[in-house]
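Novice: Pasting the sequence and the predicted model now:
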Amino acid sequence: MDYLADERKKAEFDVDEMKIVWAGSRHAFEVSDRISKLVANDPGFRKDTRTMLARKELFKNTLRKAAYAWKRIHDLHLSEEEASRLRFYVDEPAYTDLHWGMFVPAIKGQGTDEQQKKWLPLAYKMQIIGCYAQTELGHGSNVQGLETTATFDPQTDEFVIHSPTLTSSKWWPGGLGKVSTHGVVYARLIINGEEHGIHGFIVQLRSLEDHLPLPGVTVGDIGMKFGNGAYNTMDNGVLRFDHVRIPRNQMLMRVSQVTRDGKYKQSDVPRQLVYGTMVYVRQTIVADASCALSRAVTIATRYSAVRRQFGSQNGGPETQVIDYKTQQNRLFPLLASAYAFKFVGEWLTWLYNDVTQRLQASDFSTLPEAHACTAGLKSLTTTATADGIEECRKLCGGHGYLCSSGLPELFAVYVPACTYEGDNTVLLLQVARFLMKTVSQLGSGKKPLGTISYMGKIEHLMQSRCTVQKAEDWLKPSQVLEAFEARAVKMAVSCAKNLSKFTNPEEGFAELSADLVEAAVAHCQLIVVSKFIDKLQQDIPGKGVKQQLEALCGIYYLYLLHKHQGDFLATSYLTPKQAALANDQLRALYTKVRPNAVALVDSFNYTDHFLGSILGCYDGNVYPKLYDAAWKDPLNDSVVPEGYHEYVRPLLKQQLHTAKL
Ligand SMILES: CCCCCCCC/C=C\CCCCCCCCC/C=C/C(=O)SCCNC(=O)CCNC(=O)[C@H](O)C(C)(C)COP(=O)(O)OP(=O)(O)OC[C@H]1O[C@@H](n2cnc3c(N)ncnc32)[C@H](O)[C@@H]1OP(=O)(O)O
Ligand SMILES: Cc1cc2nc3c(=O)[nH]c(=O)nc-3n(C[C@H](O)[C@H](O)[C@H](O)COP(=O)(O)OP(=O)(O)OC[C@H]3O[C@@H](n4cnc5c(N)ncnc54)[C@H](O)[C@@H]3O)c2cc1C
């Protein structure tokens, strides 16, 4: 029986068409739908006991699943697109993510043609397994501060890789702890006593015969991480080198080269390309944020429609908690954010592909913007998604705290995204630097392009005032864009003015960093809003689909406007009355979306296997499933628990004087 059938009947739009919008294309939908069912129906990919397994058992099970997935990919002749969907629906972090997601891209992006020819075929066949070994015990954010050394030995034509201090131990790389045979290791290049900065080196770590560490290599897992199951399926590792020798041709040499006679040569590509793998992965993290958030929102929305509390009239049913305006005000902006992040993710993938093509044609002009966008949007979307998953847990009341709700594990797996691939604050400071540079160049005749083109309208934006007179005026895209542009430009200019008061710009930047981060957030929110609005300019078929997306877009920007009202009011673009009208419009949009809420999460097309949540199951039959699951918990295997006779019974039977009291 479908307990959510009434909700589904209320939908005012074509769910099947929305599924295609969400997937990105009909083809993408078909692939995704087929692979999600394949995974859901295969007992080899079961994951329902994951949160109860001890680490060793959990890890071994992950190794089994990764090998099984690889076998399925081969047996079924899956394409790269299908394989990547399979990984997504298997839904378990594994060493293979780092192999495919960072090791291979690092060689592709930073290796010469010759190096790619040698290493990629081995990696593609998984005859070697690699990790990305950059972070150390003492330094993660400050990449220039890494201590591992790679010293060129001209006698033997080798690099000597060494960990000179405890803090230089590599620490965190996924896949390193127990599986990787190789790593792209980042180290300070030293030639003839002279330092040349951080470079990547392909280093073999373990024997391909018996998997033992090679001489001079000390390697292991760094230990349990946050949550049950969760990221503990990954072997994040520690690694030390004791003068390990590798051939000279194992330095990744696309960006710079070391010749046989020890000369250091920089090619015409910018040295920042050494950071290129991070740009790539940040872009994939943005594309993934909408998936994690939409998953939590599906659970919270379905459960909010099932759950009833208070408000029974004349013995009738109580109120569905989704009908409380407070619930809507917490849930619907998250639903809207999931869609917003999907569209900005699609756009960022386009931007990334564009910059990659330009780099191949030696056009490096858009690299700073690509860095700022990937860094800023990675920060914005992961922060909002991690906070959003936790909010969804609270939206499910007490039951959200059960592992069987799926939300604790989802949060625990997701939350490190705020830290890995760049701590979110550190990344926003990169965006702020980019913004300050842009403001400082405004008078120079250099026209700001792309996501900062609005800075070119600075004179207009500094003076313009909001013209909204009634709540519906907030539905005009041009009005909304101007509000977000005026806020972003004014916050950036205010920071730039304050910075100019310092004689030492670095000191000023440090002192004003909290304000700079806020300016960066305003800029990134403008990007998300503008890409959502751009999406709505496209032809979107299907009854009512565009109207729902328009409502969600409105909820996204009006919620931001309400939340950051202080910024908008402080920059004098808005009056308090206009801000209040925005809030009126926001409430009206909640009412519009309410009957469509369940159908809007159905449009994500997630299987019950993928959701892994009793509260979020498609049929909404929550209570019997919760009840049954409780009895299946291993603690309920016996009526009297182990330990009762040792620890509880003696207490009950004790004969203390105090017992008389
Ligand atoms: C058959 C097929 C099967 C397929 C199966 C599919 C399998 C699945 C595939 C994929 C799965 C998904 C994969 C993803 C998994 C993700 C898991 C996550 C694992 C986590 C990994 C990590 O965390 S790796 C380590 C990441 N570390 C960081 O991010 C460090 C953060 N710090 C930095 O980035 C930099 O150091 C910092 C940006 C802070 C710069 O510091 P600073 O010292 O100021 O910089 P400096 O070096 O001096 O340079 C300044 C100059 O350079 C510009 N700049 C900085 N960074 C970049 C950059 N990245 N790109 C371009 N430019 C950059 C900066 O703006 C300055 O410019 P100017 O001002 O001088 O112009
Ligand atoms: C689950 C997980 C997987 C990972 N996988 C990998 C991997 O595969 N390979 C790899 O190489 N690394 C990996 N990492 C490491 C990760 O990239 C780093 O942890 C991350 O870059 C943050 O660096 P940090 O730990 O040095 O944090 P820190 O920089 O020490 O941050 C600590 C605090 O200081 C603040 N801070 C730091 N610098 C500044 C500044 N300049 N201004 C203001 N505030 C600042 C930060 O905001 C933060 O609040 C992984 C980490 C995790 C958690």
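Specialist: Cool, the structure landed. Ligands and ions are numbered 1, 2, ... in the order given.

Novice: Where is the longest helix in this protein?
Specialist: The helix that spans the most residues within the chain, counting by DSSP state H, is helix 325-360.

Novice: For the stretch 201-350 of the chain, list the residues in contact with ligand 1, please.
Specialist: With Cβ under 6 Å from any ligand atom as the criterion, the stretch 201-350 of the chain meets ligand 1 at residues 272, 275, 278, 279, 281, 284. (Each C-beta comes from the backbone N, C-alpha and C, glycine too.)

Novice: I'd like to know how many residues surround the second one.
Specialist: Counted with other Cβ atoms under 10 Å, residues neighbouring residue 275 total 20.

Novice: so how many other residues sit close to the closest residue to it other than its chain neighbours?
Specialist: Distances taken as Cβ to Cβ, 6 or more residues apart in numbering place residue 143 nearest to residue 275, at 7.2 Å, with adjacent residues excluded. Residues near residue 143, counting by other Cβ under 10 Å, number 17.

Novice: returning to what we had before: avg pLDDT for the longest helix of the chain?
Specialist: For helix 325-360, mean pLDDT rounds to 97.

Novice: Quick check: what element follows it along the chain?
Specialist: Sequence order places helix 367-395 as the next helix or strand after helix 325-360, per DSSP states H and E.

Novice: so what's the residue in the chain positioned nearest to ligand 1 up against?
Specialist: Residue of the chain nearest ligand 1, by Cβ to the nearest ligand atom: residue 101 (2.3 Å). Remark: with contacts taken as Cβ atoms under 8 Å, 6 or more residues apart in numbering, residue 101 is in contact with 281, 284.

Novice: Report the buried residues of the longest helix of the chain.
Specialist: Residues 327-328, 330-345, 347-348, 351-352, 355, 359 are the ones in helix 325-360 that count as buried (16 or more other Cβ atoms under 10 Å).

Novice: likewise stretch 83-101?
Specialist: Across stretch 83-101, burial judged by 16+ other Cβ under 10 Å covers 83-87, 89-101.

Novice: Could you do stretch 208-222 as well?
Specialist: Under the neighbour-count criterion of 16+ other Cβ under 10 Å, stretch 208-222 has 213, 217, 219, 221, 222 buried.

Novice: does ligand 2 sit close to it?
Specialist: No. Using Cβ under 6 Å from any ligand atom, stretch 208-222 stays clear of ligand 2, coming no nearer than 9.6 Å.

Novice: Check the average confidence over stretch 241-250, would you?
Specialist: Here the average pLDDT along stretch 241-250 is 98.

Novice: What helices and strands are in contact with the host helix or strand of residue 28?
Specialist: In the assignment (DSSP H and E), residue 28 maps to helix 26-40. For helix 26-40, the packing partners by 3 or more Cβ pairs under 8 Å, 6 or more residues apart in numbering; DSSP states H and E come out as helix 15-23, helix 80-90, helix 608-611.

Novice: And the helices in the stretch 1-150 of the chain, which stretches?
Specialist: Assigned by DSSP state H, counting those that start in this stretch, the helices in the stretch 1-150 of the chain fall at 5-9, 15-23, 26-40, 55-75, 80-90, 95-98, 104-110, 113-124.

Novice: Pull out the buried residues from the residues of the stretch 201-350 of the chain next to ligand 1.
Specialist: Among these, those classed as buried by 16+ other Cβ under 10 Å are 275, 278, 279, 281, 284.

Novice: pLDDT for those - can I get that in CSV?
Specialist: Shown next, in CSV, are those (pLDDT from 0 to 100):
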residue, pLDDT
275, 95
278, 96
279, 97
281, 98
284, 98
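
Novice: May I ask which two of these are separated the most?
Specialist: Across those, no pair lies farther apart than 275 and 284, at 15.2 Å, counting by Cβ to Cβ.

Novice: Surely residue 240 is in a helix?
Specialist: No. According to DSSP: H, G, I helix; E, B strand; the rest coil, residue 240 belongs to no helix; its state is strand.

Novice: How about it: which residues does it bridge to?
Specialist: residue 218 (DSSP bridges).

Novice: Is it in contact with residue 220, as I believe?
Specialist: No. Taking Cβ atoms under 8 Å as the definition, residue 240 is not a contact partner of residue 220, at 9.7 Å.

Novice: buried residues in the helix or strand hosting residue 549?
Specialist: For residue 549, the element it lies in under DSSP H and E is helix 545-563. For helix 545-563, a neighbour-count test (16+ other Cβ under 10 Å) marks 545-546, 548-562 as buried.

Novice: Kindly format the C-alpha coordinates of stretch 580-594 as PDB.
Specialist: These are the backbone C-alpha positions of stretch 580-594, laid out as PDB (Å, rounded to 0.1, in the frame of the first residue of the first chain):
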ATOM      1  CA  ALA A 580       9.200  42.400   4.500                       C
ATOM      2  CA  LEU A 581       7.500  42.100   1.100                       C
ATOM      3  CA  ALA A 582      10.200  39.500   0.200                       C
ATOM      4  CA  ASN A 583       9.200  37.500   3.200                       C
ATOM      5  CA  ASP A 584       5.500  37.700   2.300                       C
ATOM      6  CA  GLN A 585       6.300  36.400  -1.200                       C
ATOM      7  CA  LEU A 586       8.400  33.600   0.300                       C
ATOM      8  CA  ARG A 587       5.500  32.400   2.400                       C
ATOM      9  CA  ALA A 588       3.200  32.500  -0.700                       C
ATOM     10  CA  LEU A 589       5.700  30.300  -2.500                       C
ATOM     11  CA  TYR A 590       5.800  27.800   0.300                       C
ATOM     12  CA  THR A 591       2.000  27.500  -0.100                       C
ATOM     13  CA  LYS A 592       2.500  26.900  -3.800                       C
ATOM     14  CA  VAL A 593       5.100  24.200  -3.400                       C
ATOM     15  CA  ARG A 594       3.400  22.400  -0.500                       C
END
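
Novice: That stretch - what's its average pLDDT?
Specialist: Mean predicted confidence for stretch 580-594 is 98.

Novice: Numbering from 24 from now on, please.
Specialist: New numbering, starting at 24: the last item is stretch 603-617.

Novice: And it, what's buried?
Specialist: Using 16+ other Cβ under 10 Å as the test for burial, stretch 603-617 gives 604, 605, 606, 608, 609, 611, 612, 613, 615, 616, 617.

Novice: Format the residues you listed as a markdown table; extra columns: distance to residue 505 and secondary structure.
Specialist: Shown next, in a markdown table, are those (distance: Cβ to Cβ, whole Å; DSSP: H, G, I helix; E, B strand; the rest coil):
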| residue | distance to residue 505 | secondary structure |
| --- | --- | --- |
| 604 | 15 | helix |
| 605 | 13 | helix |
| 606 | 19 | helix |
| 608 | 16 | helix |
| 609 | 18 | helix |
| 611 | 21 | helix |
| 612 | 20 | helix |
| 613 | 24 | helix |
| 615 | 24 | helix |
| 616 | 25 | helix |
| 617 | 29 | helix |
